[in-house]
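K.L.:
Below are the sequence and a predicted model; questions follow.
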Amino acid sequence: MDVDIGNALGTTPGLTEETLERLDDRVASAHERIARGMDADEFGYASLTLPETTDPEAIREATDAFETPSAVLTVGIGGSALGAGTLSDALPSDVDAYVLDNVDPDDVKRLLGSLPLDDVVINVVSRSGTTAETLANFLVVRDAMDRAGVDWTERTLVTTGEEGNLRRLADRHDLPALDVPEGVPGRFSMLSTVGLAVAALQGYDVEAVLAGGRDGMDALSGSLFESPAYAYGATTYALAERGALTNAVMPYAESLETFAEWFAQLWAESLGKDGLGQTPARALGATDQHSQLQLYRAGPRDKLVTVIRPTERAEVPIPETDLEGLSYLGGSSLGDLLDAEFDATEASLAEAGVPNVRIEVDRVDERALGELCYGMEAACVLYGELANVPTFTQPAVEWGKRAARGLLGGGEFPEADAVAEKRELR
Ligand code: PA5
């Protein structure tokens, strides 16, 4: 993974080389803190050791219990779904992958109506084992399988923590179960059982994903000028300090669209604390060059744009034509055109003085995705250290989870009382 921060310098809000040189002492101290946390397996920091601690054999053993299905359905939400979704949507497979995260009844009904329930593996994932959306969706899926005459216990894989309702359910029905590793918050769990069980079911090279993560791990060092992940974390932090409060993440690859969604969760849930943070915006090149780019270039000077691309793409030549005005396209390829759009976006932002950062991977494959996601996690942890926020907690998210459970009668929670009071005032 290469990170080029050149277009973040001398912009508005902007940075200079000297600013970053001064910041590098703090990066060194933050790196020491991170390394200590990794060595001691501290909560959150343990996520950055996953490329070495995840056991691909244990994952394969659990998934080998199923014959290759035609589809796998992940039932989970947030960090329990987005890591797997990032890989599934980026890489081709003969096994279709679906995610049931939201509890939109119309969508759930449509999806269940379209799936071959006798040939699907249900992958239920919840670290806490108590998330209402996940458990409700699983009960609905289980019921649909029952009604279709399919033995759901034969087709369900559970990934969860040591305790919680989902663990009890797995024990009661003797379901194959994988453990969510200790010390790993949901949004940092892609390189664990949470993100990789689906990858194994889809036939991806799990070892290569982890090897990519190790590439990212090996590239961490005490200087932002030597570590691409820290270059990204330090630059985005310093830009946010100067007013770039939105980070528009714009991959130039359809296959990375879910990656942008995964990134948005990582950035928002980890760094949005104490009145600080940087709002992630999701964009897609070249499509959003025809919409959002107008705002990024000419709107309020409170943004940075992160453009991402693979340097190798499929070769799709554009056929020659002698039609006047179109002949310039013939002889080049769709990849050439997409790269021209990418360069145009960078140049257009740079010309207007809007900070932008370029991230490149060689190609979209297992290893590159492992390295890219690991790099973004390390960048996020570094940003959190520099901003002095508790990166690994999510009190606002937990507030909503407790309120929803309480409102449906799942326990006594003051958050539910607060919502009930508001409802009465309506
Ligand atoms: O990152 C997080 O902690 C959250 O997004 C969780 O992953 C999400 O709320 C789902 O939680 P759980 O895995 O406990 O069901």
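P.N.:
Nice, I can see it. Numbering: from 1, shown residues only.
K.L.:
And the residue in the stretch 151-300 of the chain that the ligand sits nearest to, how far from residue 262?
P.N.:
Nearest residue of the stretch 151-300 of the chain to the ligand: residue 186, at 2.1 Å (Cβ to the nearest ligand atom). (Each C-beta comes from the backbone N, C-alpha and C, glycine too.) Distance, residue 186 to residue 262, using Cβ to Cβ, to the nearest Å: 11 Å.
K.L.:
can you check residue 4 too?
P.N.:
Counting by Cβ to Cβ, the separation of residue 4 from residue 262 is 22 Å.
K.L.:
neighbour-wise, which of those two wins?
P.N.:
More crowded of residue 4 and residue 262, by other Cβ atoms under 10 Å: residue 262, with 25 against 16.
K.L.:
The ligand contacts on the stretch 101-250 of the chain?
P.N.:
126-128, 131, 134, 185-187 (Cβ under 6 Å from any ligand atom).
K.L.:
With pLDDT and secondary structure as extra columns, can I get those in a markdown table?
P.N.:
Converted to a markdown table, these look like this (pLDDT from 0 to 100; DSSP: H, G, I helix; E, B strand; the rest coil):
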| residue | pLDDT | secondary structure |
| --- | --- | --- |
| 126 | 97 | strand |
| 127 | 96 | coil |
| 128 | 95 | coil |
| 131 | 94 | coil |
| 134 | 97 | helix |
| 185 | 97 | coil |
| 186 | 97 | helix |
| 187 | 98 | helix |
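K.L.:
Pick the one among the residues you listed closest to residue 33.
P.N.:
Relative to residue 33, the closest of these is residue 185; by Cβ to Cβ it sits at 17.2 Å.
K.L.:
which residue sits closest to that closest one in space, ignoring its chain neighbours?
P.N.:
Among residues not flanking residue 185 along the chain, residue 392 sits closest, at 5.0 Å (Cβ to Cβ, 6 or more residues apart in numbering).
K.L.:
can you check residue 127 too?
P.N.:
That would be residue 180: by Cβ to Cβ, 6+ apart, it lies 4.6 Å from residue 127.
K.L.:
Where do the strands of this protein begin and end?
P.N.:
Per DSSP state E, the chain carries strands over the ranges 2-4, 71-75, 96-100, 120-126, 156-160, 177-179, 246-251, 279-282, 303-310, 356-361.
K.L.:
Which among these is found nearest to residue 228?
P.N.:
Per Cβ to Cβ, nearest to residue 228 of the strands of the chain: strand 2-4, 4.0 Å.
K.L.:
And the closest one, what does it pack against?
P.N.:
helix 228-241, strand 356-361 (3 or more Cβ pairs under 8 Å, 6 or more residues apart in numbering; DSSP states H and E).
K.L.:
List the contacts of the residue nearest the centre of the chain.
P.N.:
Closest residue to the average C-alpha location of the chain: residue 262 at 2.1 Å, with Cα atoms, centre = their mean. By Cβ atoms under 8 Å, 6 or more residues apart in numbering, residue 262 lies in contact with 82-83, 85-86, 187, 190, 373.
K.L.:
go again using 7 Å as the cut-off
P.N.:
Listed by Cβ atoms under 7 Å, 6 or more residues apart in numbering, the contact set of residue 262 reads 82-83, 86.
K.L.:
Same check on residue 376?
P.N.:
Taking Cβ under 7 Å, 6+ apart, we find residue 376 in contact with 263, 266.
K.L.:
Model confidence at it, what's the number?
P.N.:
Looking at residue 376, its pLDDT stands at 98.
K.L.:
How much space separates it from residue 412?
P.N.:
Remark: distance between residue 376 and residue 412 (Cβ to Cβ) = 38 Å.
K.L.:
thinking again about what came up before, let's have the strands of the chain in TSV, adding distance to residue 235.
P.N.:
Converted to TSV, the strands of the chain look like this (distance: least, Cβ to Cβ, whole Å):
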stretch	distance to residue 235
strand 2-4	8
strand 71-75	33
strand 96-100	32
strand 120-126	33
strand 156-160	35
strand 177-179	36
strand 246-251	10
strand 279-282	15
strand 303-310	8
strand 356-361	6
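K.L.:
What residue spans form the domains of the protein?
P.N.:
As assigned by the TED database, the chain contains the domains 2-37+210-387, 55-180.
K.L.:
Can you say which of these is nearest to residue 203?
P.N.:
With Cβ to Cβ, the closest approach to residue 203 among the domains of the chain belongs to domain 55-180: 5.8 Å.
K.L.:
what's the first-to-last distance across the closest one?
P.N.:
End-to-end span of domain 55-180 (Cα to Cα, to the nearest Å): 12 Å.
K.L.:
list the contacts for the nearest residue to residue 145 once chain neighbours are set aside?
P.N.:
Using Cβ to Cβ, 6+ apart and skipping residues adjacent in sequence, the residue nearest residue 145 is residue 152, 4.0 Å away. Counting by Cβ under 7 Å, 6+ apart, residue 152 touches 122, 142, 145-146.
K.L.:
Filter those down to the buried ones.
P.N.:
Neighbour counting over the contacts of residue 152 (16 or more other Cβ atoms under 10 Å) leaves 122, 142, 145 as the buried ones.
K.L.:
pLDDT score assigned to the closest residue to the first one other than its chain neighbours?
P.N.:
What sits nearest to residue 122 in space, not counting adjacent residues and going by Cβ to Cβ, 6+ apart, is residue 156, at 4.6 Å. We note a pLDDT of 98 for residue 156 in this prediction.
K.L.:
What is the burial count for residue 156?
P.N.:
When counting by other Cβ under 10 Å, one arrives at 25 neighbours for residue 156.
K.L.:
Going forward, count from 19.
P.N.:
Happy to do that; since the first residue is 19 now, the last one works out to residue 174.
K.L.:
how much space is there between it and residue 86?
P.N.:
Applying Cβ to Cβ, the value for residue 174 to residue 86 is 16 Å.
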